[in-house]
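1. A structural model of the following input is requested.
(one chain, ligands or ions: 2)
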Amino acid sequence: MPKPRFTVLGAGSIGCHLGGHLVAAGHDVAFIGRSAAMNVLRERGLTLSTSVRPPVHLTPDQLTLATGPEAAAGADYVLVTVKTAGTEAAAKDLAAHLAPGAVVVSFQNGLHNPATLRAALHGHTVLAGMVPYNVVQSEPGTVHQGMPGRLMTEPNDMLSAAFREAGLAIEARTDMSQVQHAKLLMNLNNAINALSGLPLRDQLGQRAYRRCLALCQREALAVYRAAGVTPARLGPAAPGVTPYVLGLPDALFRRVAAASLRIDAHARSSMWEDLQRGRPTEIDSLQGEIVAIATAHEQSAPANARLVALVHEAESTPRTWPGPELYAELCAAR
Ligand SMILES: NC(=O)C1=CN([C@@H]2O[C@H](COP(=O)(O)OP(=O)(O)OC[C@H]3O[C@@H](n4cnc5c(N)ncnc54)[C@H](OP(=O)(O)O)[C@@H]3O)[C@@H](O)[C@H]2O)C=CC1
Ligand SMILES: CC(C)(CO)C(=O)C(=O)O
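-> Ligands and ions are numbered 1, 2, ... in the order given. This is a model prediction of the structure:
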C-alpha cells in the first residue's frame, strides 16, 4: 500500500513535532509555516528532542517547506496545528486547495476547531485530534517534547498506522468531544502556568498555583454538569477527583500525583510561549470557553473570568504572579 502524503498547516511546536516524526519515518510531509520560521528550518534543519531519547536531526534537504496553502494540494492528510485564532483563516485557505478525499485532522486545543474546519471544508472528512503532552521550541529549529503521552484522534486506520510507524503512540477514540472537554480541564492550567513565569514542574509543585487550577476546574466541572457534558477520564484520577488532589499539601501531592510531575524541567505551557513571544494567547478558547458555557447556562465562573482578564492584561503588559497572590486574586473574584 502506498504511504499517505501529509501536509502540516501551522509549522510551529506541535506541527514540527508531528510532521518531523513522520518525516523521520520516511513519510512525505510538506510543512506550511510563516516565512521566518521556514527560513530557520531551511538553514538549520529540524531537531526533535526529548529528555529520554537521543535527539533526531532532520537536515534541510529532508524537509519540504512552504509558506502558502497551495502546498496542501497533494496531501492525503492535512494536520492543522495553528493556534485557535488562526483556524478560520487556515480553513478558508485550505478550501481552495485540498484534493478530493483529503482528510483534515485538527490537533489543536479548545472545543470548536474541528467544527470551524468542517464548516469551511464541505465534502472533506475532518477529524478531531488531541495532543496530551507539551512541546516547546527550545531553540530555533528544535522542538522539545517535555512529557510522555498518547495522541488521540477519531478513528482512522491509515493515520494511526503512520503515527505508530513514526514512533508516536496514538489511540483511536469515538468520544472525542468528551476527550476535548477533559483536555480543556487540563488546559485551564495554561493561563496559570503562563502567569507564573515558571516551568510547569515548578509551578505545579507549588500548592498555591495548584489551588488556582482547582478553583478553575471546580467551576468548569459545575458548568459541564449544567451543560450535560461528561468529560472523559484521561489520567489516573477521574476529572471530578482532580481538584481535590490538586489542593493537597505539596509533600502529599508529590506522593499521590508523582506521575503528573514527571515533566521535563524545561516544559512550559503553550500559552507561556505566546506571552514570551508577544503573541495573542488562546485564553478566550480555554478559560473563556468555560465562561461562555457558564453564561449559556445562567451560571458564573468568576475565577475563570478573572484569569481571562489577567491574561489579556499580560498580553499587553507582561507581569508574573506569585502563587499566593494569584490565588488571593481568584478568590477575591468569587
Ligand atoms: N505546544 C504545546 O505543547 C501544545 C499545543 N497544543 C495546541 O496545538 C495548537 C498549536 O500550538 P503550537 O504548536 O504550540 O503553536 P505555534 O504557535 O508554535 O505554531 C503554530 C504556527 O503556525 C503558524 N501559522 C498560523 N496560521 C498560519 C497559516 N495560515 N499559514 C502558515 N502558518 C501559520 C503560526 O504563526 P503565527 O504565530 O505568526 O500565527 C505559528 O508559527 C494550539 O491549539 C495549541 O493549544 C496542544 C497540546 C500541546
Ligand atoms: C500539554 C499542555 C496541557 C500543557 O503544556 C498543553 O496542552 C499546552 O501547553 O497547550
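
2. can you give me the strands for the stretch 151-300 of the chain?
-> Assigned by DSSP state E, counting those that start in this stretch, the strands in the stretch 151-300 of the chain fall at 151-153, 170-172.

3. which residue is the nearest non-sequential neighbour of Gly141?
-> Counting by CB to CB, 6 or more residues apart in numbering, Arg44 is the residue found nearest to Gly141 once chain neighbours are left out, at 3.6 Å. (Each C-beta comes from the backbone N, C-alpha and C, glycine too.)

4. can you pull the contacts of the one you found?
-> Neighbouring residues of Arg44 by CB atoms under 8 Å, 6 or more residues apart in numbering: 60, 140-141.

5. hmm, try it at 10 Å
-> 57-60, 139-142 (CB atoms under 10 Å, 6 or more residues apart in numbering).

6. Arg262 too?
-> With contact taken as CB under 10 Å, 6+ apart, Arg262 is in contact with 147-148, 201.

7. what of Leu221?
-> Leu221 touches 181, 185, 229, 231, 239-240, 242-243, 290, counting by CB under 10 Å, 6+ apart.

8. identify those among those residues that sit within helices.
-> 181, 185, 242-243, 290 (DSSP state H).

9. which residue is nearest the middle of the chain?
-> When CA atoms, centre = their mean is applied to the chain, the residue found nearest the centroid is Asn109 (4.4 Å).

10. not counting its neighbours along the chain, what's nearest that one?
-> Asn187 (5.2 Å).

11. could you do Ser13 as well?
-> Ser13's closest residue in space is Val135 (CB to CB, 6+ apart), at 4.4 Å.

12. sorry, back to before: just send the ones in helices among the contacts of Leu221 back as a markdown table, with neighbour count, distance to ligand 1 and pLDDT too.
-> Output for those, formatted as a markdown table (neighbours: other CB atoms under 10 Å; distance: CB to the nearest ligand atom, whole Å; pLDDT from 0 to 100):
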| residue | neighbour count | distance to ligand 1 | pLDDT |
| --- | --- | --- | --- |
| His181 | 22 | 15 | 98 |
| Leu185 | 21 | 14 | 98 |
| Thr242 | 25 | 18 | 96 |
| Pro243 | 21 | 21 | 97 |
| Ile290 | 27 | 15 | 98 |
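
13. make CSV from those residues and add distance to Gly33 to it.
-> Formatted as CSV, the ones in helices among the contacts of Leu221 follow (distance: CB to CB, whole Å):
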residue, distance to Gly33
His181, 29
Leu185, 30
Thr242, 35
Pro243, 38
Ile290, 31
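
14. would a markdown table of these with distance to ligand 2 be doable?
-> Shown next, in a markdown table, are those (distance: CB to the nearest ligand atom, whole Å):
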| residue | distance to ligand 2 |
| --- | --- |
| His181 | 14 |
| Leu185 | 10 |
| Thr242 | 13 |
| Pro243 | 16 |
| Ile290 | 15 |
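
15. circling back to that earlier point, near the residue nearest to Asn109, how many other residues are there?
-> Per other CB atoms under 10 Å, the neighbour tally for Asn187 reads 22.

16. can you give me the pLDDT of it?
-> Looking at Asn187, its pLDDT is 98.

17. confirm for me that it is in contact with Met271.
-> Yes: using CB atoms under 10 Å, Asn187 is in contact with Met271, at 8.4 Å.

18. give me the common contacts of the two.
-> Between them, Asn187 and Met271 share the contacting residues 109, 193, 282, 286, judged by CB under 10 Å, 6+ apart.

19. which of the contacts of Arg44 fall in helices?
-> Short answer: the contacts of Arg44 have none in helices (DSSP H).

20. just the buried subset of the residues you listed, written out for ChimeraX, thanks.
-> Command for ChimeraX, covering only those of the contacts of Arg44 found buried under the criterion 16 or more other CB atoms under 10 Å:
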select :57,58,141,142
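
21. okay, the contacts of Arg262 in TSV with pLDDT, neighbour count and distance to ligand 1 next?
-> Listed next are the contacts of Arg262 as TSV, based on pLDDT from 0 to 100; neighbours: other CB atoms under 10 Å; distance: CB to the nearest ligand atom, whole Å:
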residue	pLDDT	neighbour count	distance to ligand 1
Met147	91	20	9
Pro148	91	14	13
Arg201	94	18	14
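
22. thanks again, I'm all set now.
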